[in-house]
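[1] this is the structure alone, sequence omitted:
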């Protein structure tokens, strides 16, 4: 916007209309910017302005005064004069910090204080399904990678005759129970189904889904690394591992895909590959679904929390009881899952920790950038609110009551 | 808005990013009292009270000025609490915790040694690193030498820190907890020896006196092969050497000035080379080293985030305090109210009488204060 002193007559009229002073447009239609700035009290005593102005031009004069100051700020860029300073917070192109003294007596001078009015905040919990899609792809990649890795590791597992199972304290105390692993897997399936139902009823499902997919993906990625670098022998002689393929890549791929399709569960018959012991994927799923279910359900559902906690604990205990994993696998899986969950959620819920700084150590993890990408626009703690996944309105047509609102 | 109270307030012209309000301010030619209130509120205050106040204030402060013509006293509010109290007794307790855990770890290694399967029965497990890099005998000595250098460097650095009590407490707590975790993991599942070269001490089968001997030998040598005390097997998951190398490096970097980048680089190299050479020497499986690094770094960052972010302590959405040791954490860090600054001081304060004021210039200031 040009400086007030350079306004043309049309711009003056436009400005008067904008300021809600249409009544002055006609008498001042010959006034340009300079003339406007030179208007004074005396002009309002004479007709025609005296006839129109209800308050003898006070309002208009005040507005012109503001224009004047801005005009002076630009035109007279002097140094400090007797301590007159304009306080201005924004780096406006026009406003400099120096201006002329505005002739007032009594040792008072005027200052311009800028009050920044905050922009209306955007939605606090934008859905951003795109980001959830990216997290989903990441999780899928990690799962596929894990399946491939298990196929590869299967080739490296020493035969159980050559390397008997390692000594394990739990195995010393408890003998193997055959049906225990089915119990574990059933518990796992119940928990996953409950979690999916709970998730679909959530209001902010895209944000929560994103978090779940990211954490699950990362945990499986870590698992790929640990199971690959050192291969533990089978934990029990009861294991029936598929025969090794020795470099037949096609069959290995097919095996990996079959496992992915079955979800890696023994019940579906896809868990016949050995070597994926450190650390236990079953423990990860049980623990993670329980943590998410507890976190994103109302506090007062303590029955629900206790029930799920019991399912989870029993499932983990049954893994060990079935001698399907070493104790160390389960302990490390539990440790990593809980730490990663708490770490992520602390970072997500504390705005201080979303910015890297000297005291923010937990931003030093390798996935911090990805985390920022996912959680940048989530400004607050995600509330635990629920809604039906599909709104009833889309199912019912011709709902007469709302039609007036709709037409707006 | 306060603007309406002013004698001559202007209307505001709103533009796109804010409002402008005209306020009337007293000229700075009058004596403005140097108070510690915000300068903006200061001037507004003087305006609101009108003309008379500035002159009364100016009279009283002129009196002050006349008395001390050299300088103006600025009262700084004295904090009643010391923000970083040393509390050496807490450090002592945590030192005992670390010592206790170290002792239990030694006992556990002795116990586990009996459970390690024979090399002939359970050959070393397949390890990706071992497939690529064959064993080098001298590598483990390098690791241990690096470890000793790092520990010594950290010790001297700690000695010269100003807040050594707080930092020492943190170090001992983390070390103790890491060795506690290590005790658990090495006991529950026993891995076989990583390489056929390892000669394990013979099994004792319940000979408790022999066990005590071994514990003492291990403790006195610090668990190092160089000192000849590392003859027991079974403590593979996870690697204690990696823990010490990583932890000392993290502490050295955290509590030294950022400008000493060359010092940090050297320590990082020592630490990294030490860790890699553990694997080159086939003394630990890769998973032992990876898990040890992971646990050490995560625990260090977790603890320091909790300690340095005061806003987390009262926040209800702080999931970091769901760990089992959060109670101990609160005990230790309750009175530490700010980030520990990286300041150094002599460990022992020399008596001040030894140092006289060298400059004659300050004597004038001193004499005024004594008035």
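    Okay, I see it. Predicted, not measured: the structure shown is a model, and the values here were computed from it. Residues are numbered from 1 along each chain as shown, chains lettered A, B, ... in the order given.

[2] and the residue nearest to residue B:288 when sequence neighbours are not counted, what is it in contact with?
    Spatial nearest neighbour of residue B:288, excluding adjacent residues (C-beta to C-beta, 6 or more residues apart in numbering or on different chains): residue B:239 at 4.4 Å. Where C-beta positions appear, they are placed from N, C-alpha and C, glycine not excepted. By C-beta atoms under 8 Å, 6 or more residues apart in numbering or on different chains, the contact set of residue B:239 is B:278, B:284, B:288, B:289, B:292.

[3] residues from the stretch 201-350 of chain A in reach of chain B?
    Within the stretch 201-350 of chain A, the positions adjacent to chain B are A:225-226, A:228-233, A:278, A:326-329, A:331-332, A:335, A:338-339, A:341-343, A:345-346, A:349-350 by C-beta under 8 Å from any C-beta of the partner chain.

[4] can we see that at 7 Å?
    Within the stretch 201-350 of chain A, the residues that sit near chain B (C-beta under 7 Å from any C-beta of the partner chain) are A:225-226, A:228-233, A:278, A:326-328, A:331-332, A:339, A:342, A:345-346, A:349-350.

[5] could you flag which of the residues you listed are buried?
    Among these, those scoring as buried are A:226, A:228-233, A:278, A:326-328, A:331-332, A:339, A:342, A:345-346, A:349-350 (criterion: 16 or more other C-beta atoms under 10 Å in any protein chain shown).

[6] filter these down to the ones in helices?
    A:226, A:228, A:229, A:327, A:328, A:331, A:332, A:339, A:342, A:345, A:346, A:349 (DSSP state H).

[7] wait, the fifth one sits on residue B:187?
    This points to residue A:328. No. Judged on C-beta atoms under 7 Å, residue A:328 makes no contact with residue B:187 at a distance of 9.5 Å.

[8] so for stretch B:63-75, mean pLDDT?
    Within the predicted structure, the mean pLDDT of stretch B:63-75 is 72.

[9] and for stretch A:256-274?
    In the prediction, stretch A:256-274 has an average pLDDT of 77.

[10] which parts of the stretch 251-371 of chain B are strands?
    Applying DSSP state E, counting those that start in this stretch to the stretch 251-371 of chain B gives no strands.

[11] could you look up the SS state of residue B:202?
    coil (DSSP: H, G, I helix; E, B strand; the rest coil).

[12] among the contacts of residue B:239, which two are most distant?
    B:278 and B:292 (9.4 Å; C-beta to C-beta).

[13] need the residues touching each of the two.
    B:239, B:242 (C-beta atoms under 7 Å, 6 or more residues apart in numbering or on different chains).

[14] find me the pLDDT at the nearest residue in space to residue A:27 that is not next to it in sequence, would you?
    Computed as C-beta to C-beta, 6+ apart, the closest residue to residue A:27 that is not its neighbour in sequence is residue A:48, at 4.6 Å. In this model, residue A:48 is scored at 75, pLDDT.

[15] neighbours of residue A:48, how many?
    12 (other C-beta atoms under 10 Å in any protein chain shown).

[16] now do it against chain B, distance only.
    24 Å (C-beta to the nearest C-beta, to the nearest Å).

[17] give me the mean pLDDT for stretch B:312-332.
    Stretch B:312-332 comes out at a mean pLDDT of 84.

[18] and it, what's buried?
    Buried-residue list, stretch B:312-332, by 16+ other C-beta under 10 Å: B:312, B:315, B:318, B:319, B:320, B:321, B:323, B:325, B:328, B:329, B:332.

[19] for the stretch 51-200 of chain B, give me the ranges with low pLDDT.
    Along the stretch 51-200 of chain B, segments meeting pLDDT under 70 span B:51-54, B:64-69, B:78-81.

[20] can you pull the residues of it lying near chain A?
    Counting by C-beta under 7 Å from any C-beta, the stretch 51-200 of chain B sits next to chain A at B:115, B:117, B:121-123, B:125-129, B:185, B:187-192.

[21] redo that, cut-off 10 Å
    Contact residues, the stretch 51-200 of chain B versus chain A (C-beta under 10 Å from any C-beta of the partner chain): B:51, B:54, B:112, B:114-117, B:121-131, B:181, B:184-192, B:194.

[22] the spatially most central residue of chain B: what secondary structure?
    The geometric centre of chain B, computed from its C-alpha atoms, lies nearest to residue B:167 (C-alpha atoms, centre = their mean), at 5.3 Å. The three-state assignment at residue B:167 reads helix, by three-state DSSP.

[23] just the strands in the stretch 101-250 of chain B please.
    Using DSSP E, counting those that start in this stretch, the stretch 101-250 of chain B contains no strands.

[24] ok, which stretches of it are helices?
    B:128-132, B:139-159, B:164-188, B:208-221, B:240-254 (DSSP state H, counting those that start in this stretch).

[25] do the stretch 201-350 of chain A as well
    Using DSSP H, counting those that start in this stretch, helices in the stretch 201-350 of chain A cover A:205-229, A:249-262, A:281-295, A:302-321, A:327-349.

[26] can you flag the weakest of the ones you listed by average pLDDT?
    Minimum mean pLDDT among the helices of the stretch 201-350 of chain A: helix A:249-262, a mean of 79.

[27] what are the buried residues along it?
    A:252, A:255, A:256, A:258, A:259, A:260.

[28] sketch out the low-pLDDT regions of the stretch 51-200 of chain A for me.
    For the stretch 51-200 of chain A, the ranges with pLDDT under 70 are A:71, A:74-106, A:120-122.

[29] please apply the same query to the stretch 251-371 of chain B.
    B:349-371.

[30] close to chain A: what parts of it are there?
    B:254, B:258, B:279, B:284-291, B:294-295, B:297-312, B:315-323, B:338-339.
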